[in-house]
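In: Below are the sequence and a predicted model; questions follow.
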Amino acid sequence: MSVEPFAAVDVIGAKRDGHELTPAQIDWMVDAYTRGVVADEQMSALLMAILLNGMNRNEITRWTTAMINTGERMSWSMLDRPTTDKHSTGGVGDKITLPLAPIVAACGAAVPQLSGRGLGHTGGTLDKLESIPGWRAALSNAEMLDVLQSTGAVICAAGAGLAPADKKIYALRDVTGTVPAIPLIASSIMSKKIAEGTGALVLDVKTGSGAFMSDPKKARELAEVMVALGTDAGVKTVALVTAMDVPLGLTAGNALEVRESVEVLAGGGPKDVVELTLALAREMLTLVGIEKDPADTLRDGSAMDVWRRMISAQGGNPDAPLPVAAHQEVVVADKSGVVASMDALAVGVAAWRLGAGRSRQGEVVQAGAGIEIHAKPGEEIAKGSPLFTLHTETPERFPHALEALQGGWSIGEQASATLPLIVDRITA
Ligand code: URA
């Protein structure tokens, strides 16, 4: 029987009393928890001590490295293009990855995008893409390389071998009230992105009611920590802090968001989605020294070509009709005026309650469920005109979803102040 170098209770006590954890303590705690030597209740206690007392930069860097070291590290050195990726901290109507990956690939970079599923009111990229008939999220490493080499972009699920410590720790955080700790969020996201092997990374850190970090100051702090972690690991990293006080675009929900993404790839789509997609594309390309204008790929159809090949390569049919939910309910304007406010959280929760999201891991989501928005803040609307269309397969969900929307929008004489689309930019 091997002798463990530490006792978990001593490591917990050190953080409880406000001390800096040593590199050896961190390495051991993360590894021993992944091996099952440290118990869930011990790791929970440490996570709560970290949430309450924080971690300094050295500790966060070491914790991230320790999580990476519990699994495999991918490499794309065999590709003849530079790799660049984007990660969003998640929001309502945030379908940006869908048009972004093909745009950047069409400009000559490779985008190896490992994505997640939605939990709570924020949607997940894989759930959205799975609404395309036949499309498959689970790829082996060899398949991932194949798609990347043949199309320039791949969006798929992270395999079990990537930062397994994070999978265990994230599940524990979810049930112990320890999700919203900057050191834990930053290390969770960056361990997966660094292990994914991308050479460059653009972080889209959301702020506003629909985001994890509603306070822009906290969002900036999270962005700074993540940029430092990426840079220290040799990944060229930049972060944009972007608005999530109002939903992005005009749809929230899986198939609805795919439809809107295809509109963007066809040269149309809502202005905010196009603007943010192109801003992130420019950052991703600049990091790898490609000087092309990504907007050209929307005009000349090359981004759409990559999209079609990428979807087909993963078993999807880009020409198949997208699922449409069986039931719709329309919310109309109660007076004439200007849409004054529209709360991202309210729309996100309503879409979730309609069946677009899940409340337990593993739950099946409805491809067609969600919300269409017919007028955004600042736009005029006449009394009785549609403001939202709610979609679901299960109409008994309508009352609960309508309740979430109540107080989540208003009509007045002018729009209330909203955040600028790009709030801040953080570099190393
Ligand atoms: N996404 C992650 O992967 N981890 C977090 O902690 C938060 C968002």
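Out: On my side now, so go ahead.
In: going forward, measure contacts between C-alpha atoms and count neighbours the same way
Out: Will do.
In: Other residues contacting the helix or strand harbouring Leu184?
Out: Per DSSP states H and E, Leu184 falls inside helix 182-195. Helix 182-195 is contacted by residues 50-51, 54-55, 60-61, 63-65, 67-68, 72-74, 162-163, 166, 170, 179, 221-222, 225-226, 229-230, 233, 235 when judged by CA atoms under 8 Å, 6 or more residues apart in numbering.
In: quick one, phi psi at Glu329?
Out: Torsion angles at Glu329 (phi, psi; degrees, to the nearest 10) stand at phi -140, psi 140.
In: tally of neighbours for it?
Out: Glu329 has 15 neighbours, counted by other CA atoms under 10 Å.
In: Any idea what it is bridged to?
Out: Here Glu329 shows beta-bridge partners Leu390, assigned using DSSP bridges.
In: related to what we said a few turns ago, distance between the next helix or strand after the helix holding Leu184 and the chain's centre?
Out: Note on helix 182-195: by DSSP H and E, the next helix or strand toward the C-terminus is strand 200-207. Strand 200-207 has its C-alpha centroid displaced from the chain centroid by 9 Å (CA atoms, centre = their mean, to the nearest Å).
In: my guess is Gln42 meets Ala8, correct?
Out: Yes. Counting by CA atoms under 8 Å, Ala8 is a contact partner of Gln42 at 6.7 Å.
In: So which of the two has more stuff around it?
Out: Ala8 (22 against 15).
In: Can you report phi and psi for Ile373?
Out: phi -110, psi 130.
In: no, scratch that, I was asking about Asp424
Out: Per-residue torsions, Asp424: phi -160, psi 160 (degrees, to the nearest 10).
In: Can you check what pLDDT the model gives it?
Out: At Asp424, the model reports a pLDDT of 97.
In: can you check Leu119 too?
Out: So, for Leu119, pLDDT stands at 68.
In: And for the one 10 residues further on?
Out: Predicted confidence (pLDDT) for Leu129: 98.
In: least trustworthy helix or strand in the chain by mean pLDDT?
Out: In the chain, no helix or strand scores lower on mean pLDDT, DSSP states H and E than helix 164-176, which sits at a mean of 91.
In: what helices or strands is that one leaning on?
Out: In terms of contacts (3 or more CA pairs under 8 Å, 6 or more residues apart in numbering; DSSP states H and E), helix 164-176 is packed against helix 23-35, helix 40-53, helix 57-68, helix 182-195.
In: show me the contacts for Pro82.
Out: Pro82 makes contacts with 109-110, 199, 288, as judged by CA under 8 Å, 6+ apart.
In: would CSV of the residues you listed with neighbour count, secondary structure and pLDDT be doable?
Out: Shown next, in CSV, are those (neighbours: other CA atoms under 10 Å; DSSP: H, G, I helix; E, B strand; the rest coil; pLDDT from 0 to 100):
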residue, neighbour count, secondary structure, pLDDT
Ala109, 25, coil, 98
Ala110, 27, strand, 98
Gly199, 25, coil, 97
Val288, 17, coil, 98
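In: which of those residues come close to the ligand?
Out: When CA under 6 Å from any ligand atom is applied, no member of those is adjacent to the ligand.
In: Switch these over to CSV; also include distance to Ser302.
Out: Shown next, in CSV, are the contacts of Pro82 (distance: CA to CA, whole Å):
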residue, distance to Ser302
Ala109, 13
Ala110, 15
Gly199, 24
Val288, 20
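In: quick one: which of those is nearest the ligand?
Out: Distance to the ligand across these (CA to the nearest ligand atom) is lowest for Gly199, with 18.8 Å.
In: Does that closest one touch Thr84 like I think?
Out: Yes. Between Gly199 and Thr84 there is a contact at 5.8 Å, judged by CA under 8 Å.
In: Which part of this protein gets nearest to the ligand, residue-wise?
Out: Nearest residue of the chain to the ligand: Ile185, at 3.5 Å (CA to the nearest ligand atom).
In: Can you give me the neighbour number for that residue?
Out: When neighbours are counted by other CA under 10 Å, Ile185 registers 19.
In: and the gap between it and Leu285?
Out: As judged by CA to CA, to the nearest Å, Ile185 and Leu285 stand 26 Å apart.
In: do Asp305 as well
Out: Distance from Asp305 to Leu285, by CA to CA: 19 Å.
In: Ok, Glu59 next?
Out: According to CA to CA, Glu59 stands 31 Å off from Leu285.
In: about what we covered before: ok, Asp305 and Leu285, which is more surrounded?
Out: Each of Asp305 and Leu285 has its neighbours counted (other CA under 10 Å); Leu285 has more, 26 against 16.
In: How about residues contacting the helix or strand the more buried one falls within?
Out: Assigned by DSSP H and E, Leu285 belongs to helix 271-287. Applying CA under 8 Å, 6+ apart, the contact partners of helix 271-287 are 84-86, 96-97, 99-100, 103-104, 107, 109, 200-202, 204, 236-238, 248-249, 264, 291-295, 421-422.
In: Next step: the residues you listed restricted to helices.
Out: Using DSSP state H, the subset of the contacts of helix 271-287 located in helices is 97, 99-100, 103-104, 264, 295.
In: If you rank those residues by neighbours, which is first?
Out: Counting neighbours by other CA under 10 Å, the top entry in the ones in helices among the contacts of helix 271-287 is Ile103, with 32 neighbours.
In: Now for the nearest residue to that residue once chain neighbours are set aside: which residues touch it?
Out: Excluding its sequence neighbours, the residue lying closest to Ile103 (CA to CA, 6 or more residues apart in numbering) is Ala303, at 4.7 Å. By CA under 8 Å, 6+ apart, Ala303 lies in contact with 99, 102-106, 265, 297.
In: neighbours around Phe388, how many?
Out: Neighbours around Phe388, by other CA under 10 Å: 20.
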